[in-house]
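1. Turn this into a structure:
(2 chains)
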Amino acid sequence: MSTVSSAPSAAPPSGQAPGRWRQLVADWSSDRQAFQVSWGKAMMWIFLLSDTFIFSCFLTGYMTVRISSTVPWPNPSLVFSLKIGTAEVPLLLIAIMTFVLISSSGTMAMAVNFAYRRDRVRAAILMLVTAGFGVTFVSMQVFEWSKLILQEGVRPWGNPMGAAQFGSTFFMITGFHGLHVSAGVIYLVTVAVRLLRGRYEKSGNYQIVEIAGLYWHFVDLVWVFIFALFYLW
Amino acid sequence: MTSATGQQHPISLYLKIWGLLFVLSTLSYLVDYFNFHSYLRWALIIVLMLMKAGLIVAFFMHMAWERMALVCAILLPPLCLLVLVGLMATEADYTFVTRLLFFR
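-> I've put the predicted structure just below:
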């Protein structure tokens, strides 16, 4: 087998199985670079791209069931309204959640900046503030879910307001997004604690903050689409 | 690749983008608040959504300063999804019409 191989490998294969594996490793680890970014950043982008496809499938599926439903779709503006005093303000909770998430993106962007300036204390504090905004967002989502489930009787298989598909798509899309926010909070806190402990001080490489930031901004980005396509439609 | 200094941009830029996102979000909330309808509503929602998404990707995710190879590798695949969206919208329309014919 080793005599058949025409590709020049870094080391001559000693046996059949190790030779093949060595060839594979040589092929996949050879010095060819298409993206001029670090390994970690490229991997985060690939992950985010795959996540984009998952969220797109959810939103496209939601669009499909919403268009094809012959029963009227519940009016999101009224479903997600809040009572302030005696007036019903449409979509108020969702608007506040949007502003909270945008603010978290702002603090995260500044954290990346301070990390590259090697100001690790400020970077870590800003990351913890970002995580705090994330916790606020998830808490509001918990409030929203419990209100819909307990008070208004929304279920994945039906609801009193209209088309049965409303519940299933709502829990699927916002639930998956909420899961991303929760995971992001854990991720941010982990990196922030490591920053404070001086883990990246030796190498002087603070790119992990930017990579964590990419994830966090992506969560905000997905919310922009959910806000427009689910709540404003 | 200079990881010690990479993607350093002035804080003021981030603050401006932050403010702009706030304004755009307020506008899209007002679309609902003032109860705009049909095509006007759709145009406003989609345009505001894309502007917000563009700002986040370009500035917060540093896409405006990345090399073209990376930008294309990341932005082109999601654009292909528009084909799927188009197909499923047509399919859903068809399902809706057949349901109207047979189940009503």
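
2. separation between B:Val57 and chain A?
-> According to Cβ to the nearest Cβ, to the nearest Å, B:Val57 stands 7 Å off from chain A. Every C-beta, even on glycine, is put in place using the N, C-alpha and C of the backbone.

3. I figured that residue was touching A:Leu221, is that so?
-> Yes - look at B:Val57 against A:Leu221 with Cβ atoms under 8 Å: they come within range, at 6.7 Å.

4. Next, A:Val71: secondary structure please.
-> With DSSP: H, G, I helix; E, B strand; the rest coil as the basis, A:Val71 sits in coil.

5. Please read off the pLDDT at it from the model.
-> We have a pLDDT of 90 for A:Val71.

6. OK, contacts around it?
-> A:Gly162, A:Ala163, A:Ala164 (Cβ atoms under 8 Å, 6 or more residues apart in numbering or on different chains).

7. Type out the ChimeraX command that picks the buried ones from the residues you listed.
-> Buried residues within the contacts of A:Val71, by 16 or more other Cβ atoms under 10 Å in any protein chain shown, are selected in ChimeraX with:
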select /A:163
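
8. Now do the helices in the chain.
-> By default, I'm working from chain A. A:16-29, A:39-68, A:76-79, A:92-116, A:120-146, A:165-196, A:207-226 (DSSP state H).

9. could you do chain B instead?
-> Assigned by DSSP H, chain B shows helices spanning B:11-33, B:38-55, B:68-102.

10. Quick check: bridge partners of the closest residue to A:Ile149 other than its chain neighbours?
-> Nearest residue to A:Ile149 in three dimensions, chain neighbours excluded: A:Arg155, at 7.5 Å (Cβ to Cβ, 6 or more residues apart in numbering or on different chains). For A:Arg155, the beta-bridge partners are A:Gly158 (DSSP bridges).

11. pLDDT score assigned to B:Met68?
-> 88.

12. That one: neighbouring residues, count only.
-> Number of residues near B:Met68 (other Cβ atoms under 10 Å in any protein chain shown) recorded here: 7.

13. ok so, going back, okay, B:Val57 and A:Leu221: which has more neighbours?
-> A:Leu221 (23 against 18).

14. Tell me how far the more buried one lies from chain B.
-> In this view, A:Leu221 and chain B are 5 Å apart by Cβ to the nearest Cβ.

15. I'd say that residue and B:Leu55 touch.
-> No - if you go by Cβ under 8 Å, A:Leu221 and B:Leu55 don't touch, sitting 9.9 Å apart.

16. quick revisit: now render the contacts of A:Val71 as JSON lines, adding pLDDT and distance to A:Ser30.
-> Compiled in JSON lines, the contacts of A:Val71 are given as follows (pLDDT from 0 to 100; distance: Cβ to Cβ, whole Å):
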{"residue": "A:Gly162", "pLDDT": "88", "distance to A:Ser30": "58"}
{"residue": "A:Ala163", "pLDDT": "91", "distance to A:Ser30": "55"}
{"residue": "A:Ala164", "pLDDT": "91", "distance to A:Ser30": "55"}
